Structure formats: C-alpha cells, structure tokens
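S.K.: Here is a sequence together with a model predicted from it:
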Amino acid sequence: GLCGVPDVPHIQLQNHNKPQETELFEASGRGGSVRITFELKLTEQTEAIWDTVLIGKRLYIQVRPSFFPDGSKEAFITLLEYAEEVLKCTDIIVCLKKDRPDRPQLVRTFMYLGFSILPPGHELLPHNNDTLNLYMRHAIV
C-alpha cells in the first residue's frame, strides 16, 4: 500500500441466486419493483449487507440499524458502481432512521460521496408523509 497504509481488499459481489440482469430490467421496466440484497464479503468473517429496492431506474437503499464493519464504505462504493454501470440507475436514494445515534456521521459520509438530503414531500420519496426517515439522493448523470 501507499505510505504504509494496507491495500484495500478486493470486494466481490456474492452470487447467491443471482438473477440475470435482463430479469431485473424487465421487472423494473414494467413499473414493478425488485428487491435486491447485496452481500459484499469484506474479510473471511465479515460482510456488508445492503437491502435495496429497484424501481425503474431508481435504486432505494435501506441503511441497516446495525454497526458498520471496517470496509463498509468501500463496499458501498462497489454497490454504487454496480447500480450505475450494470443496473443503469439514474438515481440512488438512501434511507436511514432519523433517530440513529450515528446519523450526523452517516450524513457527512453520504454527502462526501455526492448525496444530498431530499426535502419532505419530494417526488422521489416513497411516502410523502414519512417523518421517521431521512432520505438522501445521488443523481447519476
């Protein structure tokens, strides 16, 4: 690694019952939604799991309430790349509970990655009257 920092391990998407991308496109193209769980192996004993829903060209990501293991940021970037390059998403929306103790840190991290907070009532919010969650959007151009 550079400057004595260890190299970031290569993160791979798990292929458990992996649907073909064409199946995902057909389902989301019909106006339906597709639930996708991304399991990214970080180390032999650790993985990052991201629960998502693909609706059209938008990927909604639920941020789990549990603690993030080391390497989660790199795993999330891998997920973003997959959404952009394979799923051809135009928008990625993350959803996290407003009462999380680590919410300020997560908001800063997502903003660093190019996300912005969606205001209440925004057209991309799944429920306009949701007061329990905070939504952040990354627009892919």
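M.R.: The structure has been received and is ready for your questions.
S.K.: which element follows the helix or strand containing Val107 toward the C-terminus?
M.R.: Using DSSP states H and E, Val107 falls within helix 103-112. Where DSSP H and E defines the elements, the next helix or strand beyond helix 103-112 is strand 116-117.
S.K.: Just the mean pLDDT for whatever helix or strand comes next after that following strand, thanks.
M.R.: Toward the C-terminus, strand 116-117 is succeeded by strand 133-139 as the next helix or strand (DSSP H and E). For strand 133-139, mean pLDDT is 95.
S.K.: quick one, strands of this structure?
M.R.: 12-13, 33-41, 47-55, 58-62, 91-97, 116-117, 133-139 (DSSP state E).
S.K.: chain center to the last one, what's the gap?
M.R.: What it means is strand 133-139. 10 Å (Cα atoms, centre = their mean, to the nearest Å).
S.K.: If you count neighbours, what's buried in that strand?
M.R.: Neighbour counts over strand 133-139 (16 or more other Cβ atoms under 10 Å) mark Asn133, Leu134, Tyr135, Met136, Arg137, His138 as buried. The way it works is simple: take the backbone N, C-alpha and C, and place the C-beta from them, glycine included.
S.K.: The first one and Lys98 touch, don't they?
M.R.: Spelled out, it's Asn133. Yes. Using Cβ atoms under 8 Å, Asn133 is in contact with Lys98, at 6.4 Å.
S.K.: okay, and for the chain, where does confidence drop off?
M.R.: In the predicted model of the chain, residues 1-31, 67-69, 71 satisfy pLDDT under 70.
S.K.: pretty sure Ile92 is touching Ala83, no?
M.R.: Yes. Judged on Cβ under 8 Å, Ile92 makes contact with Ala83 at a distance of 5.5 Å.
S.K.: Overlap in contacts, these two.
M.R.: When contacts are counted by Cβ atoms under 8 Å, 6 or more residues apart in numbering, Ile92 and Ala83 are jointly contacted by Leu59, Ile140.
S.K.: Give the bridge partners for the most centrally placed residue in the chain, please.
M.R.: Nearest residue to the geometric centre of the chain (Cα atoms, centre = their mean): Ile61, 4.3 Å. Taking DSSP bridges as the rule, Ile61 bridges to Thr52, Val94.
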